[in-house]
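[1] Here is the input, now give the coordinates:
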Amino acid sequence: MRRDLKVAAALGSFTAIGVLLAGIPLAHAQTAPSQFGPAGAGDSGDAGPSGAGSGSFPGSFLIPGTNTSLKIGGLAKLAIIYDMSAPPANSATLSESTPDTTAIEFIPLEGTPAHQLHGALELNPRQSNFNFDVRTPTGYGELDTFVMVDFYGRNNPSDETSFKVTANPETARLVLAYGTLGPVLAGQMTSLWFDGDAMPETVDPSPTAGTMNILSNRQVQLRYTYAGANGLSIAGDIENPEAEVYSNVATNPTPPGFPAGTGAATNSLTAEALGGVNRVPDILARARIDQAWGHVALTGLYRDLMLIAPGAPRVQRDGYGGQLSFHLNTFGKDTWKAIFMGGQGIGHYDSDFINIGALDVGTVTGTTTPVGIARSYSANTSYTHWWTDRLRSTIDGGYARLNSDLNVITSAAAQNGLDKYHYEAVGNLIWSPVPQVDFGIEFDWAKRVTNAAIIGGYGDFGYENRIESMAAFKF
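    Okay, the predicted model is just below:
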């Protein structure tokens, strides 16, 4: 009965949105994520045409014979990545280093064979992307459709060598695909939990501890946003559920070069990975104020975390969390940004603990198991200083802590691979000779600490020291 009430409440939001559509001509509060979409994507376009024959919003053009405006955008980006210490391993199998992103939970621990792989160099174009933004005025407000694709689609590391030898082809991946009608948004968009305006500007897209970043921020969702007076907006949405599970008993083979108890690679899974199901969507709500001095947002989250799969014990725990985020305009174009979050079972909503931050179970086989829930707390703050109108620097620091239930996760191997703390620091310099071009260089430092001191001869921490540069050409 309890589960049925939760499902009914979540599905009832569809009906509520239908009712709210009656009043949407005055509501325009959809905002595209600053890390992905072009500035203003999802606005009402009230600024109007920017010139003869132009479309309804900047950079767009009017499709002949229609009142629909189209903008084609994106960027071509070269990333040059050099890891002075061992790079994070491939998040799917840990079988090889793939220094495309900074996933702190996959930094090899000191003393492991993978930790000896210093000096990795890679040049790649995978962060390049293109997007289409199409907007049409209607009697219910503006209809906006936005689609973005990048080139992170190849995830099979066994193909790495052959792909690079044969002219470096890269596979396209769907990043965003959503539509808005007035205050209603539906499709794949960045999570309501993600606050792009509070994120630091970085060369590497994912070095930021203590945030929901590009590693996990794209969610399929249904959202309603109310735009009030004086810069106030209130939004609520339901998002695709994905209950993360960390088992005391390893569920996956240990990859070559890594110790038993590697952590997320060997002991983590989801209900779907076991052939199971999720029943109740994640539920989020956010209040935000935008003013000339900056913005501040308060976001809440509820998750019904369930393990329901064939041959597995059935368990359920309630997950919830809160987040405070803001940016403040300080001197000239300088900005100070910060994000603070905490909760239990928030899982991928904190990108530090994507695979291990929700349910803790003793086993995923049989009929019964001990069960607990992980609690996490994190913070990130950054400051951007503009040296000139074309030259700027950002410094950023992040911290994240995970308190897993060690009364459930009791084996030495499982504890040794289970992260306890993440630390991160970033500093960069970015030059834009023209608005459409960015050249940047950045130093990223990160530290991963697990629950155990030394088990089986392997240390309980690992470091990353990375230099990354970029050349980005936007259109």
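
[2] any low-confidence regions in the stretch 1-150 of the chain?
    By pLDDT under 70, the low-scoring segments of the stretch 1-150 of the chain are 1-53, 89-99.

[3] hey, where'd the strands end up in it?
    The residue ranges that make up the strands of the stretch 1-150 of the chain, judged by DSSP state E, counting those that start in this stretch, are 61-62, 69-83, 120-124, 129-138, 141-150.

[4] do the stretch 251-400 of the chain as well
    Counting by DSSP E, counting those that start in this stretch, the segments of the stretch 251-400 of the chain that form strands are 268-270, 282-291, 294-307, 315-329, 335-344, 359-361, 371-373, 375-386, 391-403.

[5] Now the fifth one: average pLDDT?
    It stands for strand 335-344. When pLDDT is averaged over strand 335-344, the result is 98.

[6] Counting by contacts, list what it packs against.
    Strand 335-344 sits against strand 315-329, strand 375-386, with contacts defined as 3 or more C-beta pairs under 8 Å, 6 or more residues apart in numbering; DSSP states H and E. No exception for glycine: its C-beta is placed from N, CA and C like everyone else's.

[7] Same check on the third one?
    Contacts defined by 3+ C-beta pairs under 8 Å, 6+ apart place strand 294-307 against strand 282-291, strand 315-329, strand 359-361.

[8] ok, and the closest non-adjacent residue to G342?
    What sits nearest to G342 in space, not counting adjacent residues and going by C-beta to C-beta, 6 or more residues apart in numbering, is Y377, at 4.3 Å.

[9] So what's the predicted local confidence for that neighbour?
    For Y377, the model assigns a pLDDT of 96.

[10] One more: Y399?
    The per-residue pLDDT reported for Y399 equals 97.

[11] count of neighbours near it?
    A total of 16 residues lie near Y399 under the criterion other C-beta atoms under 10 Å.

[12] Then N407?
    For N407, the tally of surrounding residues (other C-beta under 10 Å) stands at 10.

[13] Spatially nearest residue to it (excluding sequence neighbours)?
    On the basis of C-beta to C-beta, 6+ apart, the spatially nearest residue to N407 that is not a chain neighbour turns out to be G372, at 6.5 Å.

[14] which ones are touching the one you found?
    Going by C-beta atoms under 8 Å, 6 or more residues apart in numbering, G372 touches R317, L359, D360, V361, S404, D405, N407, V408, I409.

[15] again, but for R173
    When contacts are counted by C-beta under 8 Å, 6+ apart, R173 touches V149, D150, F151, Y152, G153.

[16] now do D352
    If a contact means C-beta under 8 Å, 6+ apart, then D352 has I104, E105, A209, G210, S376, S378, A400, L402, D419, H422 as its contacts.

[17] Could I get those residues in JSON lines, plus columns for neighbour count and distance to L301?
    Conversion of those to JSON lines gives the following (neighbours: other C-beta atoms under 10 Å; distance: C-beta to C-beta, whole Å):
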{"residue": "I104", "neighbour count": "27", "distance to L301": "22"}
{"residue": "E105", "neighbour count": "26", "distance to L301": "20"}
{"residue": "A209", "neighbour count": "28", "distance to L301": "19"}
{"residue": "G210", "neighbour count": "27", "distance to L301": "16"}
{"residue": "S376", "neighbour count": "27", "distance to L301": "12"}
{"residue": "S378", "neighbour count": "25", "distance to L301": "14"}
{"residue": "A400", "neighbour count": "27", "distance to L301": "16"}
{"residue": "L402", "neighbour count": "23", "distance to L301": "16"}
{"residue": "D419", "neighbour count": "27", "distance to L301": "21"}
{"residue": "H422", "neighbour count": "25", "distance to L301": "20"}
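
[18] can you put the residues you listed in JSON lines and add distance to T270?
    Compiled in JSON lines, these are given as follows (distance: C-beta to C-beta, whole Å):
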{"residue": "I104", "distance to T270": "20"}
{"residue": "E105", "distance to T270": "16"}
{"residue": "A209", "distance to T270": "23"}
{"residue": "G210", "distance to T270": "23"}
{"residue": "S376", "distance to T270": "18"}
{"residue": "S378", "distance to T270": "22"}
{"residue": "A400", "distance to T270": "21"}
{"residue": "L402", "distance to T270": "17"}
{"residue": "D419", "distance to T270": "18"}
{"residue": "H422", "distance to T270": "21"}
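
[19] Could you single out the nearest of those residues to R466?
    Sorting the contacts of D352 by how near they are to R466, with C-beta to C-beta, puts I104 at the top with 11.4 Å.

[20] Go ahead and confirm that closest one touches D444.
    No. Taking contact to mean C-beta atoms under 8 Å, the distance of 10.2 Å between I104 and D444 leaves them out of contact.

[21] And F340, how far from G153?
    F340 sits 34 Å away from G153, going by C-beta to C-beta, to the nearest Å.

[22] same check, this time on M306
    When C-beta to C-beta is applied, the distance between M306 and G153 equals 30 Å.

[23] what's downstream of the host helix or strand of R223, the next helix or strand?
    R223 is part of strand 218-227, with elements assigned from DSSP states H and E. The element immediately downstream of strand 218-227 (helix or strand, assigned by DSSP H and E) is strand 232-239.

[24] To what extent is the nearest residue to Q291 once chain neighbours are set aside buried, counted in neighbours?
    On the basis of C-beta to C-beta, 6+ apart, the spatially nearest residue to Q291 that is not a chain neighbour turns out to be G231, at 5.2 Å. Per other C-beta under 10 Å, the neighbour tally for G231 reads 12.

[25] before we move on, what about T410?
    The tally of other residues near T410 (other C-beta under 10 Å) stands at 12.

[26] Thought T450 was touching L109, still the case?
    Yes. Taking C-beta under 8 Å as the definition, L109 is a contact partner of T450 at 6.9 Å.

[27] Neighbour count for the two, which is higher?
    Taking other C-beta under 10 Å, L109 and T450 do not tie; L109 has more neighbours (27 against 23).

[28] how far away is the more buried one from A103?
    Relative to A103, L109 is positioned 14 Å away (C-beta to C-beta).

[29] do the same with Y246
    Y246 is 16 Å from A103, where distance means C-beta to C-beta.

[30] And for M341?
    If you go by C-beta to C-beta, the gap between M341 and A103 works out to 18 Å.

[31] More neighbours: which of the two?
    Taking neighbours as other C-beta under 10 Å, M341 and A103 compare with A103 leading, 27 against 24.

[32] nearest residue to the more buried one other than its sequence neighbours?
    Going by C-beta to C-beta, 6+ apart, A103 has P88 as its nearest residue, at 4.6 Å.

[33] Identify the residues contacting stretch 400-407?
    209-210, 246, 350, 352-353, 356-357, 360, 370, 372-379, 415, 418-422, 451.

[34] Pull the distance from it to the chain's centre.
    Between the mean C-alpha location of stretch 400-407 and the chain-wide mean there is a distance of 21 Å, by C-alpha atoms, centre = their mean, to the nearest Å.

[35] Using PDB, list the CA coordinates for that stretch.
    The C-alpha atoms that make up stretch 400-407 are tabulated as PDB, following Å, rounded to 0.1, in the frame of the first residue of the first chain:
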ATOM      1  CA  ALA A 400      33.300  15.100  -0.200                       C
ATOM      2  CA  ARG A 401      32.800  12.600   2.600                       C
ATOM      3  CA  LEU A 402      30.900   9.300   2.500                       C
ATOM      4  CA  ASN A 403      29.800   7.500   5.700                       C
ATOM      5  CA  SER A 404      28.900   4.000   4.600                       C
ATOM      6  CA  ASP A 405      27.300   1.500   7.000                       C
ATOM      7  CA  LEU A 406      30.300  -0.500   8.100                       C
ATOM      8  CA  ASN A 407      28.000  -2.700  10.200                       C
END
